[in-house]
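In: Just the structure for this:
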Amino acid sequence: MESFGRRVAKRRADLGWTQQALAARLGLSRVALSHIEAEMTWPNERTVTLLAGVFRLEPHQLVAATNYPSAKVDRARETGGLPRSP
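Out: Down below sits the predicted model:
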């Protein structure tokens with residue numbers, strides 16, 4: 001299972017973006033993004049959706065097969081934030 005934070009960091013690096021550049025696209029501080037990448041905090045469902053959008057993924061693709069908390073995924077699905085994976 002891949003680390004969610006590492007997946008975000010790798011996608012960001014693959015695009016050639018700094019933490020500051022991605023954070024600005026998301027409306028977050030660089031420190032908040034750094035904490036997500038270091039897994040010091042988990043992003044909420046809205047932030048996962050925004051991250052997925054800038055990476056041109058569906059939210060469920062971004063969190064699939066990572067250590068992102070399944071309870072957050074389940075809660076997001078209940079509220080319509082993350083669709084079920086196929």
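In: what comes up buried for stretch 20-37?
Out: Neighbour-count burial for stretch 20-37, counted by 16 or more other Cβ atoms under 10 Å, picks out 22-23, 26, 28, 32-37. Backbone N, C-alpha and C define where each C-beta goes, glycine included.
In: what separates Trp17 from Leu26, distance-wise?
Out: Trp17 is 11 Å from Leu26, where distance means Cβ to Cβ, to the nearest Å.
In: surely Ala38 meets Gly5?
Out: Yes. Using Cβ atoms under 8 Å, Ala38 makes contact with Gly5 at a distance of 5.9 Å.
In: Looking at those two, which one has more neighbours?
Out: In this view Ala38 and Gly5 are compared by other Cβ atoms under 10 Å, and Gly5 has more residues nearby, 22 against 12.
In: How about that one: what's its closest non-neighbour residue?
Out: Glu39 (4.1 Å; Cβ to Cβ, 6 or more residues apart in numbering).
In: Kindly confirm my reading that the one you found is in a helix.
Out: No. Secondary structure assignment (DSSP: H, G, I helix; E, B strand; the rest coil) places Glu39 in coil, not in a helix.
In: if we can go back for a sec, which one of the buried residues of stretch 20-37 is nearest Arg12?
Out: Checking the buried residues of stretch 20-37 against Arg12 with Cβ to Cβ, the nearest one is Leu22 at 5.0 Å.
In: Quick one: residues contacting the closest one.
Out: Leu22 makes contact with 12, 15, 33, 54 under the criterion Cβ atoms under 8 Å, 6 or more residues apart in numbering.
In: ranking these by neighbours, who comes first?
Out: In these, the most neighbours by other Cβ under 10 Å go to Leu33, 26 neighbours.
In: now it: how far from Ser70?
Out: 23 Å.
In: Over to Ala52?
Out: 17 Å.
In: quick one, which of these two is more surrounded?
Out: Ala52 (18 against 9).
In: So that one sits against Tyr68, correct?
Out: No. Ala52 lies out of contact with Tyr68 (Cβ under 8 Å); the separation is 11.5 Å.
In: in stretch 6-19, what's buried?
Out: By neighbour count with 16+ other Cβ under 10 Å, stretch 6-19 contains the buried residues 7-9, 11-12, 19.
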